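Undergrad: no letters, just coordinates:
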């Protein structure tokens, strides 16, 4: 999410000087979140939690690479829409895992999840700025894409769903 403050300057480099257009491009991410909300009930049974994390992270990674190459603002808006869908696919799964870390410390786990989410929003623009200044736009965004893709696969590999203690007696609940 550290990309958002930089969208307007990326568009400016392409000759698009309207801040309203930058706002529309960034709004694509939010629309992707709405699309996630409308489709998650169908996606989850179709591809499962592991698939959601892998597909979500991959969608974000592909769109980061797309932004790196600076397409027209309308394509960037569509890309951020897809990025929003992908982001919420992996974020929703991670949030569920955070809520299942410990029944006794569920509030603490979710508080820490929120803390790191917002720390990412805080540190993200600084990290992108450092990368842009020292490595350039393409290298920075492609590196961020690689990190995001790897994150999706690592999360899918190592995060395992466990049967809640109160569901042990229910035959309709799969582990």
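TA: Arrived safely, thanks for sending. Source: prediction; values computed, not measured.
Undergrad: can you pull the buried residues of the least confident helix or strand in the chain by mean pLDDT?
TA: Lowest by mean pLDDT, DSSP states H and E among the helices and strands of the chain is helix 106-134, with a mean of 92. Within helix 106-134, the residues that qualify as buried are 109, 113, 124, 128, 131, 132, counting by 16 or more other CB atoms under 10 Å. C-beta coordinates here come from the backbone N, C-alpha and C atoms, glycine included.
Undergrad: what packs against whatever helix or strand comes next after it?
TA: Note on helix 106-134: by DSSP states H and E, the next helix or strand toward the C-terminus is helix 137-158. Helix 137-158 makes packing contacts with helix 19-68, helix 73-99, helix 106-134 when contacts are defined by 3 or more CB pairs under 8 Å, 6 or more residues apart in numbering; DSSP states H and E.
Undergrad: okay, angle between helix 137-158 and helix 106-134 too, please.
TA: Using axes from the mean of the first three to the mean of the last three CA atoms, to 10 degrees, the direction of helix 137-158 lies 150 degrees away from that of helix 106-134.
Undergrad: what's next to helix 137-158, contact-wise?
TA: 3, 10, 49-51, 53-58, 60-62, 64-65, 67-70, 90, 93-94, 128, 131-132, 135 (CB atoms under 8 Å, 6 or more residues apart in numbering).
Undergrad: and it, which residues are buried?
TA: 137, 140, 141, 142, 144, 145, 148, 149, 151, 152, 155, 156.
Undergrad: and that helix, what's its mean pLDDT?
TA: Averaged over helix 137-158, pLDDT sits at 96.
Undergrad: equivalent analysis for stretch 14-24, please.
TA: Stretch 14-24 comes out at a mean pLDDT of 96.
Undergrad: which residues sit against that stretch?
TA: Applying CB under 8 Å, 6+ apart, the external contacts of stretch 14-24 come out as 7, 8, 11, 70, 72, 73, 77.
Undergrad: whichever of those residues end up buried, select them in ChimeraX.
TA: Of the contacts of stretch 14-24, the buried ones can be selected in ChimeraX as follows, counting by 16+ other CB under 10 Å:
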select :7,8,11,70,73,77
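Undergrad: all set now, cheers.
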